[in-house]
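> Pasting the sequence and the predicted coordinates here, then a few questions.
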Amino acid sequence: MKIKKLLAAGMVSLTAVALAACSNGSSSSNSKTINWMDSAEIPSMDISKATDVTSFNQMNNVMEGLYRLGKDSKAEPALAKKTTVSSDGKTYTFTLRPSKWSNGKALTAKDFVYSWQRTVNPKTNSQYSYLFSGIKNADDITAGKKPVSSLGIKAEGKYKLVVTLDKRIPYFKLLMAFPLFFPQNKAEVQKDGSKYGTASKYMAYNGPFTQVGWTGSNLSWKLKKNPNYWDKKAVKLDTINYSVQKTPSTGYNLYQSNKLDATILDANQTKQLKGKSGYTLRDTASTFYLQYNQKSNKYLKNANLRKAISLAINRKQLGKAVGGDNRPASALTAYDLTKVNGKDYTSSVKNAYAKYDPKAAKTYFKKAEQELGTKNIELSILSDDTDAGQKTTEFLQSQLDSNLKGLKISVQNVPFKTRLSRSTKGNFDIVVSGWSADFADPISFLDLFTANNSNNNGHWKNSQYDNLVAESKSEGNNSKRMAEMQKAENIILADQGLTPLYNKTEAWMVNTKVKGLIYNGAGANYNFKSAYVK
């Protein structure tokens, strides 16, 4: 998250609205109901096809896997009642607890087998199938070299699941808590066909809640307590009313009038409400960055042009413009995600082009013009239609137009779902992308930019980078593994294969009567299973 996960390009904006003192009143007369918001519409509820944090946050509450992510990103047993690991770390045997789908059907080990095989099947065209790498035969299956039936997962009876790995995976249990690895109901998938996951009614659920009222394009829906959930006694909420709020001023007004229990804040609201009751910072374990279309845009294939663009951006001011408590990013991996010998992993990642240096930017731009044989370069920047998405493109347009004379920038802001689609299809020059870690490991970021990864929308390629990332996945020595990943990250940044902008920390107002909510930056963010209203 998920995640995750692709992120909507910011969720906040500057506003001139005057802010009243915050309210802590309950937004509902029902003490078992809360009203929540998201900044973007749901792209998909199909486990095998979703790629974004909005979708994964929904799945994390209406679906469940072998493990559930608890406090501090700790993987806790969920459907796995017992887990046994072989001495070589390559075989996991899970004993499942009896449970049911929302349609009343028994959930068995076969539902995991079906789900995993469906995701790695090349015909499904999952953009996330690369996360199965390391599970026996997964790479050959996704490459079309072996049948899906050869995947290293099998059901032994109704409640025993055996997973075989090609190699030890250090973060395997964290993967099992990520929605991509949750089970799917085969009968439901086959019944719904191409409609599966496109609306609430085209799904079967097994999590603490079920989803109702989402049509596939509307901006409001509900999560209802699932009476068939195995641990329903632990679920205290009856209903979570969701609505999409793309404008922070509207969200805050709804919060003030007790119609929302939480709302994200824009830059102005962040300043004025900091320290007030309910003010909450959410570290999203994410990085926002620019991807350059190096496949079809002749200008952006030029490394000096990419370096010039990076040097022309004042990241500190950009972070302030979108609200929250953002940190200028020099690395691809999110800050404070992983420690190496007591120090943050990113402290050993070098990016000579992350500083704001208009003079150096002009020098690199002149080199690019000479190499490209032109003094008139026109490029478009694509982002979301959220307030922060628009503020981001406005800021970048202003910076690049003023610091790089001869470069003409236009901007396009479209709905989140559309931006994802256009990014995947390569229909952009430069796109503002965001990624939140699926789990607390740098590989969640570095995997994205290997040559054949479906999230590498700019099609940057480097064989040494690919080799280092591959080696890090099987390296047993953690220090050496981290060094390999740092070396790989230095390679992509030296070439500006992408341009990091900022690490996102969101500022929210949250009703102080909402208790028991678990939030994690890495993975699917929100876990409402134990939430309640005091």
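Nice, I can see it.

> okay, CA-based contacts and neighbour counts for the rest of this
OK.

> Identify all contacting residues around stretch 297-308.
With Cα atoms under 8 Å, 6 or more residues apart in numbering as the test, stretch 297-308 has contacts from 292-295, 353, 360-365, 367-368, 372, 377, 404, 429, 495-497, 499.

> Quick one: end-to-end length of it, please.
Counting by Cα to Cα, to the nearest Å, you get 16 Å between the two ends of stretch 297-308.

> Work out the gap between it and the centre of the chain.
For stretch 297-308, the separation from the chain centroid amounts to 27 Å (computed by Cα atoms, centre = their mean, to the nearest Å).

> quick revisit: from the contacts of stretch 297-308, which ones fall inside helices?
Among these, DSSP state H puts 360-365, 367-368, 372 in helices.

> where exactly do the helices run in the stretch 201-350 of the chain?
In the stretch 201-350 of the chain, the helices defined using DSSP state H, counting those that start in this stretch lie at 248-256, 267-273, 303-311, 315-321.

> Residue 480: which of those helices is closest?
helix 303-311 (29.4 Å; Cα to Cα).

> Find the nearest non-adjacent residue to residue 245, please.
Residue nearest to residue 245 in three dimensions, not counting chain neighbours: residue 39, with 5.2 Å by Cα to Cα, 6 or more residues apart in numbering.

> buried ones in stretch 285-297?
Buried residues in stretch 285-297, counted by 16 or more other Cα atoms under 10 Å: 285-294.

> one step back: from the ones in helices among the contacts of stretch 297-308, pick the one nearest residue 271.
Closest approach to residue 271 among the ones in helices among the contacts of stretch 297-308 (Cα to Cα): residue 361, at 31.4 Å.

> where's the closest one relative to residue 521, distance?
Using Cα to Cα, we find residue 361 at a distance of 33 Å from residue 521.

> try residue 451
Going from residue 451 to residue 521 by Cα to Cα gives 27 Å.

> More neighbours: which of those two?
Neighbour comparison, residue 451 and residue 521: the larger count goes to residue 521, with 26 against 18 (by other Cα atoms under 10 Å).

> helix/strand/coil for that one?
Following DSSP: H, G, I helix; E, B strand; the rest coil, residue 521 is assigned to coil.

> Mind checking which of the contacts of stretch 297-308 are buried?
Of those, these count as buried by 16+ other Cα under 10 Å: 292-294, 353, 360-362, 364-365, 367-368, 404, 429, 495-497, 499.

> which element follows the helix or strand bottoming out on mean pLDDT in the chain toward the C-terminus?
Every helix and strand in the chain was compared by mean pLDDT, DSSP states H and E; the lowest is strand 4-6, with a mean of 52. Next in sequence after strand 4-6, counting helices and strands by DSSP states H and E, comes strand 33-38.

> and the nearest residue to residue 40 once chain neighbours are set aside, what does it touch?
Leaving aside its sequence neighbours, residue 40 sits nearest to residue 244 (Cα to Cα, 6+ apart; 5.9 Å). Residue 244 is in contact with 37-41, 219-220, counting by Cα under 8 Å, 6+ apart.

> In a markdown table: the buried residues of stretch 285-297, plus pLDDT and distance to residue 234.
Listed next are these as a markdown table, based on pLDDT from 0 to 100; distance: Cα to Cα, whole Å:
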| residue | pLDDT | distance to residue 234 |
| --- | --- | --- |
| 285 | 93 | 28 |
| 286 | 94 | 30 |
| 287 | 97 | 34 |
| 288 | 97 | 36 |
| 289 | 98 | 39 |
| 290 | 98 | 42 |
| 291 | 98 | 43 |
| 292 | 98 | 47 |
| 293 | 98 | 48 |
| 294 | 97 | 50 |
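
> Let's see which of those end up in strands.
285-292 (DSSP state E).

> Next, the buried residues of stretch 207-215.
If you call a residue buried by 16+ other Cα under 10 Å, then stretch 207-215 has these buried ones: 207-212, 214.

> how about residue 68, what does it touch?
By Cα under 8 Å, 6+ apart, the contact set of residue 68 is 75-78, 177-178.

> What is the burial count for residue 335?
Close neighbours of residue 335, defined as other Cα under 10 Å, add up to 23.

> do residue 246 as well
By other Cα under 10 Å, the residues close to residue 246 number 24.

> was I right about it contacting residue 39?
Yes: in this structure, residue 246 is within contact of residue 39 by Cα atoms under 8 Å, at 5.0 Å.

> Residue 175 belongs to a helix?
Yes: assessed by three-state DSSP, residue 175 belongs to a helix.

> residue contacts, it?
With contact set as Cα under 8 Å, 6+ apart, residue 175 has these partners: 181, 438-439.

> That one and residue 135: what is the separation?
With the distance defined as Cα to Cα, residue 175 ends up 11 Å from residue 135.

> Got phi/psi on residue 55?
Dihedral pair for residue 55: phi -60, psi -40, per degrees, to the nearest 10.

> Check the gap between it and residue 412 for me.
Plainly put, residue 55 is 23 Å away from residue 412 if you go by Cα to Cα.

> and if you look at residue 290?
14 Å.

> swap in residue 334?
26 Å.

> Could I get the full set of strands for the stretch 51-200 of the chain?
In the stretch 51-200 of the chain, the strands defined using DSSP state E, counting those that start in this stretch lie at 67-69, 75-77, 80-85, 91-96, 99-100, 106-107, 153-155, 160-164.
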